[in-house]
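Trainee: okay, structure incoming, though there's no sequence with it:
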């Protein structure tokens, strides 16, 4: 996973609101939500890469019709073909 690319893809989705913060050594917090309701999901992770991976998973799970999730779905289909 290219962390920078994935984070940019998430941030470019106009529906999603994301945030990653460093709480201390080895502790990161990621937030995911939407424009209308704000943050709805929060995860506590061990690394920045884990936080981005968590955001990817949660975006696909809880916002399956978002531009990001639809784009990810197309990537998965083309890889499987």
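Mentor: It's in. Remember, predicted model here, so these are calculated numbers, not experimental data.
Trainee: could you pull up the residues touching the residue nearest the centre of the chain?
Mentor: Nearest residue to the geometric centre of the chain (CA atoms, centre = their mean): residue 55, 2.6 Å. Residue 55 makes contact with 7, 10, 18, 20, 30, 32, according to CB atoms under 8 Å, 6 or more residues apart in numbering. Glycine gets a C-beta too; all of them are placed from N, C-alpha and C.
Trainee: what mean pLDDT does the one helix or strand it maps to have?
Mentor: Assessed by DSSP states H and E, residue 55 sits inside helix 48-62. Mean pLDDT, helix 48-62: 97.
Trainee: quick one: buried residues of that helix?
Mentor: For helix 48-62, burial by neighbour count (16 or more other CB atoms under 10 Å) applies to 51, 52, 53, 54, 55, 56, 58, 59, 60.
Trainee: residue boundaries of the strands in this protein?
Mentor: 16-24, 27-34, 38-45 (DSSP state E).
Trainee: nearest to residue 67, of those?
Mentor: Nearest of the strands of the chain to residue 67, taken as CB to CB: strand 16-24 at 8.3 Å.
Trainee: quickly run through the sheet partners of that closest one, with directions.
Mentor: Strand pairing for strand 16-24, using DSSP bridges, gives strand 27-34 (antiparallel).
Trainee: how about the contacts of residue 55 in JSON lines, adding pLDDT and neighbour count?
Mentor: Shown next, in JSON lines, are the contacts of residue 55 (pLDDT from 0 to 100; neighbours: other CB atoms under 10 Å):
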{"residue": "7", "pLDDT": "95", "neighbour count": "17"}
{"residue": "10", "pLDDT": "97", "neighbour count": "21"}
{"residue": "18", "pLDDT": "98", "neighbour count": "20"}
{"residue": "20", "pLDDT": "98", "neighbour count": "18"}
{"residue": "30", "pLDDT": "98", "neighbour count": "22"}
{"residue": "32", "pLDDT": "98", "neighbour count": "24"}
